[in-house]
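*Asks:* sharing a model that was predicted from the sequence below.
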Amino acid sequence: MSNTPLHHSAARRWRAWGLLLASGALLVVNAAAQSTLSDWIGKPLDEIRAAAEKGDPIPQRILADAHLSGEGVAKDPAEAAKWLRRAAEQKDALSQYTIGLLYDVGEGVTQDKREAVRWYRLAADQNLPEAQYNLGAAYAAGSGLDQDFHEAVRWFQKAAEQGDLQAQTALGLALREGKGAEKNPAEAAKWFRRAGYEGDPVAQFYLGLMHHDGEGVTKDYEDAAKWFRRSAEQGHAGAQYYYGTACMLGEGVPQSPAEAAAWFEKAATQGHALAQYQLGKSQLSGTGTNASPAAAFKWFEKAAAQGEPNAQFQVGLAYQTGRGVEPDRMASLKWLRLAAAQGSAAAQDILLNDTNLPPFEAIARPDPEPASEPKKTVEVKPAPPAAVAPPAPMPGPDRLPTALAVFAAITALLVALFGALAIYFLKSRLSGLEHELRETKRELARTNTHLNTMINYVESRMIAAGPADPKVLASPAAPQISGPASEIAAFKAHRPRSAK
């Protein structure tokens with residue numbers, strides 16, 4: 001057989017088929033060699049490491065988990081990232097998801113949100129619900145990619161339908177608020193209920209809110225209290241505050257100020273500002289707990305530091321009256337101004353009406369403001385509060401009357417000036433109208449005089465001419481009268497009455 005191009009092409013073709021078959025056989029061998037997680041439970045670490053070195057992704061992932069937790073080996077996130085990458089490159093979805101987490105937080109690798117999203121997407125495309133939820137969360141936050149609420153909802157939906165509790169709660173929030181999907185409180189309540197029955201505290205909290213307000217479900221304080229209690233028992237601060245409020249008011253549960261104070265304290269300890277304020281009020285009045293102005297002041301101060309205006313007012317009042325703390329005029333002014341800047345009517349009243357603040361020994365005023373309506377904002381994932389610049393201080397009470405007097409004087413001066421200008425222009429206009437009226441009267445008088453003169457002239461001409469011949473006047477062939485006789489007839493028809 002000669003070496004023709006045809007034979008060379010046939011040889012190449014057979015060689016390609018041989019390589020393809022060999023690679024296919026290798027894949028089958030590798031697939032058979034790859035084990036499941038249950039195959040490695042209880043196996044010694046050395047055996048797991050040996051299998052990982054041979055390329056089995058399951059032992060690679062197990063070894064990475066060990067380095068992340070420090071169980072049986074030295075804790076080494078960088079070593080964990082190395083093994084996770086090897087497993088992820090073999091399309092192990094859990095490894096792809098986990099290395100995405102490492103890039104997300106910068107553990108063992110340099111933090112890179114875009115790289116985190118890339119790995120989340122690879123795992124999400126393999127239908128891993130945890131990765132689908134994290135990818136949706138990245139879209140919602142605009143972390144590592146452009147913010148897109150519709151894409152976020154799409155991935156939340158995929159994960160929620162697989163039973164991921166966080167995704168079900170996130171989908172419920174999106175439907176409740178109308179972000180990335182049409183607003184649908186009833187559908188939101190359905191997803192909250194699914195996650196709530198599975199024990200998700202955030203879903204339980206929001207389901208309690210919706211029953212409390214009758215949003216998408218029947219308004220029912222008992223159901224609201226039930227879901228608040230379930231969430232509160234799992235440590236959700238917002239639910240603890242709301243359940244405490246229900247106990248204080250007797251909404252859906254027997255009224256119990258003591259139990260309310262206990263739940264307020266649980267939430268306050270976790271940093272919930274409204275709970276701190278309510279606990280301070282309870283301790284100040286001795287409602288459901290021992291009265292202690294000093295303890296109340298500490299909770300008011302914690303809530304005030306978080307910007308709660310009613311608490312800021314209470315701190316300012318305490319410094320003013322020496323209730324639970326040593327009197328301090330400057331501190332009192334500071335907190336009263338902060339509260340007033342946020343709309344506290346009681347603080348504004350003190351600053352506006354008391355030029356010099358009352359003496360420190362004055363009797364403390366009763367708290368004029370009830371607890372503000374609880375805020376329905378609870379973060380799914382707690383984050384440290386962002387630093388907020390304090391609002392600009394209001395003018396001091398000692399300078400305020402002077403400023404008001406100056407302002408009033410300037411306002412009165414401007415009003416007088418504009419009034420004088422208006423009167424001046426009005427008088428000028430009236431004077432012009434009077435002048436025009438006088439000129440019109442003069443013109444009418446001249447016209448009347450002229451008309452009388454013409455009438456007299458015409459009459460005198462007619463008298464001089466004598467009576468006309470009747471025959472001539474009656475003759476049909478007579479010419480039309482013209483001249484003075486016709487003129488006097490026209491003028492008599494339109495003669496002014498004053499000329500008669």
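*Replies:* Arrived safely, thanks for sending.
*Asks:* how about G216: what's its closest non-neighbour residue?
*Replies:* Nearest-residue entry for G216: P185, 2.8 Å, with adjacent residues in sequence omitted and distances by CB to CB, 6 or more residues apart in numbering. (C-beta placed from N, C-alpha, C; glycine too.)
*Asks:* got a list of what the one you found touches?
*Replies:* For P185, the contacting residues are 175-176, 210, 215-217, by CB atoms under 8 Å, 6 or more residues apart in numbering.
*Asks:* for K91, same thing?
*Replies:* Counting by CB under 8 Å, 6+ apart, K91 touches 122, 126.
*Asks:* okay, it and W119: tell me how far apart.
*Replies:* Distance, K91 to W119, by CB to CB, to the nearest Å: 12 Å.
*Asks:* same question for Q320.
*Replies:* From Q320 across to W119, the span is 58 Å (CB to CB).
*Asks:* and P57, by the same measure?
*Replies:* Counting by CB to CB, the gap from P57 to W119 is 14 Å.
*Asks:* same question for A167.
*Replies:* Going from A167 to W119 by CB to CB gives 18 Å.
*Asks:* try L279
*Replies:* Using CB to CB, L279 is found at 44 Å from W119.
*Asks:* where does pLDDT dip in the stretch 251-400 of the chain?
*Replies:* The stretch 251-400 of the chain contains residues with pLDDT under 70 at 354-400.
*Asks:* now the helices for it?
*Replies:* Here the stretch 251-400 of the chain has its helices, by DSSP state H, counting those that start in this stretch, at 257-269, 273-285, 293-305, 309-321, 329-341, 345-353, 400-465.
*Asks:* neighbours of F418, just the number please.
*Replies:* Look at F418: counted by other CB atoms under 10 Å, it has 10 neighbours.
*Asks:* got any ranges where the protein has weak pLDDT?
*Replies:* 1-35, 354-405, 447-500.
*Asks:* which secondary structure elements does the helix or strand hosting I99 contact?
*Replies:* Secondary-structure assignment from DSSP states H and E places I99 in helix 93-105. Contacts defined by 3 or more CB pairs under 8 Å, 6 or more residues apart in numbering; DSSP states H and E place helix 93-105 against helix 57-69, helix 77-88, helix 113-125, helix 129-141.
*Asks:* spatially nearest residue to G280 (excluding sequence neighbours)?
*Replies:* In space, G280 is closest to W299, 3.7 Å off (CB to CB, 6+ apart).
*Asks:* isn't the one you found up against L284?
*Replies:* No - with contact defined as CB atoms under 8 Å, W299 does not reach L284; the gap is 9.1 Å.
*Asks:* P201 and Q234 touch, don't they?
*Replies:* Yes - the criterion here is CB under 8 Å, and P201 meets it with Q234 at 4.1 Å.
*Asks:* buried subset of the contacts of P185, written for PyMOL?
*Replies:* In PyMOL syntax, the buried subset of the contacts of P185 is picked out as below (16 or more other CB atoms under 10 Å):
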select buried, resi 175+176+210+215+216+217
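*Asks:* identify the farthest-apart pair in the contacts of P185.
*Replies:* With distances taken as CB to CB, the most widely separated pair in those is L175 and V217, at 13.0 Å.
*Asks:* about what we covered before: L279 and W119: who's more crowded?
*Replies:* Under the neighbour definition other CB under 10 Å, L279 and W119 were set side by side, and L279 has more, 32 against 26.
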